[in-house]
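Student: mind looking at a prediction? Sequence and model below.
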Amino acid sequence: MNIRKKILIGFLFGLASHLATAQQTLDFMGVVDDSQHPAGYREYVEMGCWQCHGFQGQGGLNLKLVAPLIPYEAFANQVRRPRNVMPAYSPNIMSEDVLQEIYSYLQNIPTSPNPDDIPLLSGD
Ligand code: HEC
């Protein structure tokens, strides 16, 4: 087999595996079908927000992004012009639509229950 055919076959294999995984998103449990995720999750993962804020905005170093979320204007301002060490995401990297989808994903994550409402924690 000549080198051109080998390159073509390699390319087709690469393309096929890319298409096979296109509807899946990396999750910290493995690779999960996108239909099992809420809207906006794919953008949140693809943009790398999870690296510092966790897959569900739960945070790592006190960087929680869960409800009650800051107003959209403040959120967008932080992402475009971070106040401290967070990397900036310009509109060239992340469109306004993607930013709104990420905001809506985070806003729709259910909040944790109040510990006073959890019988096991009541101490009775
Ligand atoms: C490399 C780590 C890192 C990544 C990646 C990252 N952030 Fe941040 N984020 C931070 C840090 C650190 C802060 C604290 C403020 C600062 O440094 O500007 C922060 C703060 C924030 C805040 C303000 C939270 C509040 O309540 O004040 C928002 C909103 C936010 N990040 C959203 C995002 C979104 C959306 C993405 C993905 C598009 C993202 N971040 C990606 C590190 C990160």
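Tutor: Looks like it arrived, so ask away.
Student: helix, strand or coil: sort out residue 103 for me.
Tutor: At residue 103 the chain is in helix, as set by DSSP: H, G, I helix; E, B strand; the rest coil.
Student: surely it touches residue 72?
Tutor: Yes - Residue 103 lies in contact with residue 72 (CB atoms under 8 Å); the separation is 5.7 Å. (Each C-beta comes from the backbone N, C-alpha and C, glycine too.)
Student: so for residue 98, what's the pLDDT?
Tutor: Predicted confidence (pLDDT) for residue 98: 96.
Student: what's the answer for the one 5 residues further on, then?
Tutor: According to the model's per-residue confidence, residue 103 sits at a pLDDT of 95.
Student: same question, the one 10 residues further on
Tutor: If you check residue 113, the pLDDT there is 81.
Student: three-state assignment of it?
Tutor: Secondary structure, three-state DSSP: residue 113 is coil.
Student: next, count neighbours for it.
Tutor: Residues near residue 113, counting by other CB atoms under 10 Å, number 9.
Student: ok, now which ones touch it?
Tutor: Not one residue lies near residue 113 by CB atoms under 8 Å, 6 or more residues apart in numbering.
Student: gap between it and residue 48?
Tutor: For residue 113, the distance to residue 48 (CB to CB, to the nearest Å) stands at 30 Å.
Student: which of residue 103 and residue 72 has more neighbours?
Tutor: For residue 103 versus residue 72, the count of surrounding residues by other CB under 10 Å is larger for residue 103: 21 against 13.
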